[in-house]
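> coordinates only, sequence not included:
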């Protein structure tokens, strides 16, 4: 979502770091470009005005202008101010009550139903026992979708008979939660294609009846500035406690995500980063600011890895690397684990300095490059995967036919794998880790 904005800001701020000391005129020129970049990213103009004024005020201080690393200090200021914009309000996710009630509200199509399932999965990992509630009596497809997602996650769904009123659905859900020993209720409420009084009245009544610990407004980041107006309308009628920003992985300009907290005062509590039920992450403003500025987000990357990577496989792989016994079978396994962690472009954005490569990497994935690699390896016999040296010309032609690729594709993969294995052997040897970190060969000491 933030690709274009991130690229612009990295370019502007990167030019500042190319100088030693910088002048007030340099700051003003950079701030003009930052202002334009934010406005083009659809950030609310008042938010942009305040942000640029705060950054400039801090950046023209004598301690910054006279320092030798002034450009780096300006980047630090921009990061801190971006974090401040994104991080207002109480982002704690509260689950008080017996059962604790979480009510999801928002317009139709914003992603409420999918977000309810994602949130249930997130809560389950915390040791809680959620019950999903189909609290939309007007759209049977919403209840069907929720039941389907519940089955995938092995989380029960309460669905009342057709014609049941919303207050009766809520009462029945509380009884069901107590009967099934469920300690969290997640209500997927009805939405409309646009704001109307009937929907807002229903939310108001349901909120008074259920007294939810959290009322989360689900907004579609792809909608842009309209989502800010929607959020303001919901705040006026319901005690909204936070926002779930969905479709953050889309190609919108990102202005809504940067504007909504500053304009409404509502904290963003969760980000929906994809279609899968595990594509929901707690919102950390400093981490998102780091991604936007190309600083990476190593903490989120580590959390994703811990969640998706099999620890025993990782230990086995480390031992194989030490013995130089890494095979195409292992390579295939690593590719499949990497896919579980999310889109490759998103992962690269979390690695400091790799933000610029994220778009190209994602293009390679979208073009089917990784699928071709998987198809080639899966078309090999087990012996061939474990020992690529036995891949004669006739075997390679067979693999190409079986994988629907060309002989050149097969040869390229085998050559690249051989080069990768050589590099891994070097890095796993004495001094290899220091070399990987840029400390080998005495270069850092000179």
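All right, it came through fine. None of the values given here were measured: they were computed from a predicted structure.
> list the helices and strands the host helix or strand of residue 209 packs on?
Using DSSP states H and E, residue 209 sits in helix 197-210. Counting contacts by 3 or more CB pairs under 8 Å, 6 or more residues apart in numbering; DSSP states H and E, helix 197-210 packs against strand 100-105, helix 166-179, strand 184-189, helix 226-237. C-betas here are computed from N, CA, C, even on glycine.
> Mind putting the ones you listed into JSON lines with distance to residue 26?
Below are the helices and strands packed on helix 197-210 laid out as JSON lines (distance: least, CB to CB, whole Å):
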{"stretch": "strand 100-105", "distance to residue 26": "46"}
{"stretch": "helix 166-179", "distance to residue 26": "59"}
{"stretch": "strand 184-189", "distance to residue 26": "51"}
{"stretch": "helix 226-237", "distance to residue 26": "33"}
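> Tell me which of these sits nearest to residue 80.
With distances scored as CB to CB, the stretch of these nearest to residue 80 is helix 226-237 (23.1 Å).
> angle of that closest one against helix 197-210?
50 degrees (axes from the mean of the first three to the mean of the last three CA atoms, to 10 degrees).
> and residue 259, how far is that from residue 420?
Computed as CB to CB, to the nearest Å, the residue 259 to residue 420 distance reads 44 Å.
> just to revisit the earlier point, not counting its own residues, what contacts whichever helix or strand comes after the helix holding residue 209?
Later in the chain than helix 197-210, the nearest helix or strand by DSSP H and E is strand 214-220. Residues outside strand 214-220 that contact it (CB atoms under 8 Å, 6 or more residues apart in numbering) are 93-95, 101-107, 109-112, 115, 119, 207, 227, 230-231, 234-235, 238-247, 256, 260, 266, 269-270.
> center of this structure - which residue?
The residue lying closest to the centre of the chain (CA atoms, centre = their mean) is residue 273, at 3.9 Å.
> thought it was touching residue 282?
No: applying CB atoms under 8 Å, one finds residue 273 not in contact with residue 282, separated by 11.3 Å.
> what's the model's confidence in stretch 267-284, averaged?
Summarised as a single mean, pLDDT over stretch 267-284 is 87.
> Tally up the residues packed near the closest residue to residue 242 other than its chain neighbours, please.
Nearest non-adjacent residue to residue 242, counting by CB to CB, 6 or more residues apart in numbering: residue 269, 3.8 Å away. Residue 269 has 22 neighbours, counted by other CB atoms under 10 Å.
> OK, contacts around residue 269?
Applying CB under 8 Å, 6+ apart to residue 269 gives the contacts 91, 93, 214, 216, 241-244, 282-283.
> By neighbour count, which of the residues you listed wins?
Neighbour-wise, the contacts of residue 269 (other CB under 10 Å) top out at residue 243, 28 neighbours.
> wait, it sits on residue 232?
No: applying CB under 8 Å as the test, residue 243 and residue 232 come out as separate, 11.7 Å apart.
> quick one on the thing from earlier: looking at the helices and strands packed on helix 197-210, which is closest to residue 385?
strand 184-189 (43.7 Å).
> so what strands line up beside the closest one?
Each strand paired with strand 184-189, and its direction, by DSSP bridges: strand 100-105 (parallel), strand 130-135 (parallel).
> tell me the SS of residue 162?
On the three-state scheme (DSSP: H, G, I helix; E, B strand; the rest coil), residue 162 is labelled coil.
> ok, now residue 72?
Classification of residue 72 by three-state DSSP places it in helix.
> can you count the residues close to the residue lying closest to it once chain neighbours are set aside?
Excluding the flanking residues, the one nearest residue 72 by CB to CB, 6+ apart is residue 17, at 5.9 Å. Residue 17 has 15 neighbouring residues, counting by other CB under 10 Å.
> Likewise for the one 10 residues further on?
For residue 27, the number of neighbouring residues by other CB under 10 Å comes to 20.
> hang on, the earlier thing: between residue 259 and residue 420, tell me which one has more neighbours.
Higher neighbour count among residue 259 and residue 420: residue 259, with 25 against 12, using other CB under 10 Å.
> For the helix or strand in which the more buried one is found, name the packing helices and strands.
Element membership for residue 259 (DSSP H and E) is helix 255-264. Here helix 255-264 touches helix 45-59, helix 70-86, helix 226-237, strand 242-246, strand 268-272, going by 3+ CB pairs under 8 Å, 6+ apart.
> Next, the angle strand 268-272 makes with it.
Using the same axes, to 10 degrees: helix 255-264 against strand 268-272 is 160 degrees.
> Could you chop this protein up by domain?
Domain assignment for the chain, taken from automatic domain parsing, gives 3-86, 100-287, 301-441.
> Deepest in the core, which of those domains is it.
Of all these, domain 100-287 has the most neighbours on average by mean count of other CB atoms under 10 Å, namely a mean of 19.
> you'd agree residue 266 is in a strand?
No: counting by three-state DSSP, residue 266 is located in no strand; its state is coil.
> for it, what are its contacts?
Contacts of residue 266 by CB under 8 Å, 6+ apart are 89, 217, 231, 235, 240-243, 260.
> Dump these to JSON lines, plus pLDDT and distance to residue 409.
Shown next, in JSON lines, are these (pLDDT from 0 to 100; distance: CB to CB, whole Å):
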{"residue": "89", "pLDDT": "76", "distance to residue 409": "51"}
{"residue": "217", "pLDDT": "92", "distance to residue 409": "48"}
{"residue": "231", "pLDDT": "81", "distance to residue 409": "49"}
{"residue": "235", "pLDDT": "80", "distance to residue 409": "54"}
{"residue": "240", "pLDDT": "88", "distance to residue 409": "52"}
{"residue": "241", "pLDDT": "91", "distance to residue 409": "52"}
{"residue": "242", "pLDDT": "92", "distance to residue 409": "48"}
{"residue": "243", "pLDDT": "91", "distance to residue 409": "45"}
{"residue": "260", "pLDDT": "82", "distance to residue 409": "45"}
